[in-house]
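>>> with the sequence up front, the predicted model follows.
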Amino acid sequence: MLPAGTELLPGVNVRLGGQRLLIPDFVVMNRSGHSGLYCQAQDLLLAAEIVSPSSRVQDRVLKRRLYAEAGVPFYLLVETDGPAVLFELADGEYRESARSEGGKLTFSQPFAATLDLTR
C-alpha cells in the first residue's frame, strides 16, 4: 500500500529537463491525481526499470545516471534473471539501499513495502 498523497503509474513520460524524456516501466509520484501527457522528474519519488536483454546498458547505466542527475530520490532496477535492487540518491549518486533475496524485495524507504518478484 502506498502512502497517502502518492500515486503509482505505469509507463508515464518523464521530462528530465530540456527536451529529454524517459519512459520508466513504472513510477511512484510524490503527489496524486496526475492527468497529463508527461510528468516532471521532480514529481517522482521513485522510478523503476525492468531490465530486458535489449535495454541492459540503458537501464543499468544511462537511465540510472540520468535519473540521478534529475534528482529522482529512488531508483528501482529489476533484473529478469537476477536480483532487484533499490537505490537511494545520496550526494548526487545512487547507493544500494535494498536487494532482493529469495524472490522478495523488502525495504522501508521511501515507504515500507515487500515486493514479490516471483509472480
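Yes, it's here.

>>> and the helix or strand of the chain with the lowest mean pLDDT, how far out from the chain middle?
Ranked by mean pLDDT, DSSP states H and E, the helix or strand of the chain with the weakest confidence is helix 56-57, at a mean of 84. On the basis of CA atoms, centre = their mean, to the nearest Å, helix 56-57 sits 15 Å off its chain's mean C-alpha point.

>>> likewise stretch 47-55?
Worked out by CA atoms, centre = their mean, stretch 47-55 lies 11 Å from the chain centre.

>>> which residues are in contact with that stretch?
Taking contacts as CB atoms under 8 Å, 6 or more residues apart in numbering, the residues outside stretch 47-55 that touch it are 14, 22, 24-28, 59-60, 63, 67, 72, 74-80. The C-beta positions use only the backbone N, C-alpha and C, and glycine is treated the same way.

>>> at 6 Å what do you get?
Among residues not part of stretch 47-55, those counted as contacts by CB atoms under 6 Å, 6 or more residues apart in numbering are 24-27, 59, 63, 67, 72, 75-79.

>>> cool, and stretch 73-82?
If you take CB under 6 Å, 6+ apart as the criterion, stretch 73-82 is touched by 45-51, 64, 67, 84-89, 94, 110.

>>> out of these, which sit inside helices?
64, 67 (DSSP state H).

>>> rewinding a little: what is the nearest of the contacts of stretch 47-55 to A41?
Proximity of those to A41 (CB to CB) peaks at V72, which lies at 5.7 Å.

>>> from memory that closest one sits against L44, does it?
Yes: using CB atoms under 6 Å, V72 and L44 qualify as a contacting pair, with a distance of 4.8 Å.
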